[in-house]
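>>> below: sequence and its predicted model.
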Amino acid sequence: LTLEERLASYVVEGTKEGLIPDLNEALSKYTPLDIINGPLMEGMTEVGRLFNNNELIVAEVLQSAEVMKASVAHLEPFMEKNETSVKGRVLLATVKGDVHDIGKNLVEIILSNNGYQIINLGIKVPPESIIEAYRREKADIIGLSGLLVKSAQQMVTTAQDLRNAGIGAPIMVGGAALTRKFTRTRIAPEYEGMVLYAKDAMDGLALANRLMN
Ligand code: B1M
């Protein structure tokens, strides 16, 4: 197998045997983010496909997630950091009912490496907790993540609850089940403030920078 194929296969197989030396080798050729967005994400896409076909069970997907998390943790110190003054404060949450957090945590890493203070509320966060945290933390942006189809609907509910609580801060949404169109036609009409769709973590950074400038 080539280096790239081996990297994808650690995620697919859910094994860390040999992972770190291969990540180090990859770092001599690629940026950390290219490694994540390239071979590691390819592995995750394959995991999703196999899981969908009932060829993997949840416990195995969990092991794949562990490999992804370990890889991101190993690569994180090698990521470019722009030591600027604080650009803004961002609340991040995976919405109620959803446990997927790898993408959200990647967004946290990218934003915090680029001058943002992050308040990461974790997973399965109900609207009440987001409202309470927003009032306590005085965040500039509210970031919502969710990967399940039902999470897209949960984002609509969350936006309604935020609006009913009188909150109008920009909301940034992201995650696999979401689209720009759903964001524009279903979430945005329920909210007074801006609602922006980020297709990945770098897009999230670009949007945050635009909002804060
Ligand atoms: Co689950 N899962 N999972 N899972 N899982 C999916 C999402 C699924 C598509 C797999 C499939 O069937 N093909 C499917 C959803 C189907 C649907 O709703 N239509 C699914 C399912 C069904 C489930 C369970 C229901 C399974 C079960 O129990 N029977 C269950 C759900 C439990 C729950 O949430 N209540 C479940 C559980 C799990 C694990 C716990 C085993 C594990 C998660 C571990 C963890 O996160 N700690 C897991 C995993 C790993 C996946 C897949 C395979 C990979 C997700 C991932 O981490 N991708 C996934 C299939 C897939 O996506 N291919 C799948 C890598 C990550 C970097 O990408 O999160 O998309 P992603 O983030 C991207 C962008 O989306 C974006 O930036 C990131 C890239 O830069 N982004 C943002 C994300 N959030 C953002 C926020 C932003 C900006 C950008 O601003 C705020």
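Great, that's in hand.
>>> and Glu108, its phi and psi?
Recorded main-chain torsions at Glu108 are phi -60, psi -50, according to degrees, to the nearest 10.
>>> now it, nearest residue through space, not along the chain?
Counting by Cβ to Cβ, 6 or more residues apart in numbering, Glu108 lies nearest to Ile118, which is 4.9 Å off, once chain neighbours are set aside. Placement of C-beta: from N, CA and C, glycine included.
>>> buried sites along the strand or helix carrying Leu162?
With secondary structure defined by DSSP states H and E, Leu162 is part of helix 149-164. Taking 16 or more other Cβ atoms under 10 Å as the neighbour-count basis, helix 149-164 is seen to contain the buried residues Ser151, Ala152, Gln153, Gln154, Met155, Val156, Thr158, Ala159, Asp161, Leu162.
>>> before we move on, what about stretch 175-192?
Neighbour-count burial for stretch 175-192 flags Gly175, Ala176, Ala177, Leu178, Phe182, Thr183, Arg186, Ile187, Ala188, Glu190, Tyr191 (criterion: 16+ other Cβ under 10 Å).
>>> any idea how far apart the tips of it sit?
For stretch 175-192, the first-to-last residue distance is 22 Å (Cα to Cα, to the nearest Å).
>>> hmm, that stretch touching the ligand?
Yes: part of stretch 175-192 sits near the ligand under the criterion Cβ under 6 Å from any ligand atom, namely Gly175, Ala176, Ala177.
>>> which SSE is the residue lying closest to Gly14 once chain neighbours are set aside in?
Leaving aside its sequence neighbours, Gly14 sits nearest to Gln63 (Cβ to Cβ, 6+ apart; 3.0 Å). In the assignment (DSSP H and E), Gln63 maps to helix 58-75.
>>> returning to what we had before: okay if I get the buried residues of stretch 175-192 as CSV plus pLDDT and secondary structure?
As requested, the buried residues of stretch 175-192 are exported to CSV (pLDDT from 0 to 100; DSSP: H, G, I helix; E, B strand; the rest coil):
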residue, pLDDT, secondary structure
Gly175, 96, coil
Ala176, 90, coil
Ala177, 87, coil
Leu178, 96, coil
Phe182, 98, helix
Thr183, 98, helix
Arg186, 98, helix
Ile187, 98, helix
Ala188, 98, helix
Glu190, 97, helix
Tyr191, 98, coil
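>>> before we move on, the earlier item: ok, and what's touching the helix holding Gln63?
Helix 58-75 is contacted by residues 7, 10-16, 19-20, 23, 27, 32, 35-36, 40, 43-44, 47, 51, 56, 102, 105-106, 109 when judged by Cβ atoms under 8 Å, 6 or more residues apart in numbering.
>>> what do you get for stretch 190-209?
With contact meaning Cβ under 8 Å, 6+ apart, stretch 190-209 is reached by 33, 37, 87-88, 90, 103, 106-107, 109-111, 114, 116, 141, 143, 156, 159-160, 162-163, 167-174, 178-180, 183-184, 187-188, 211.
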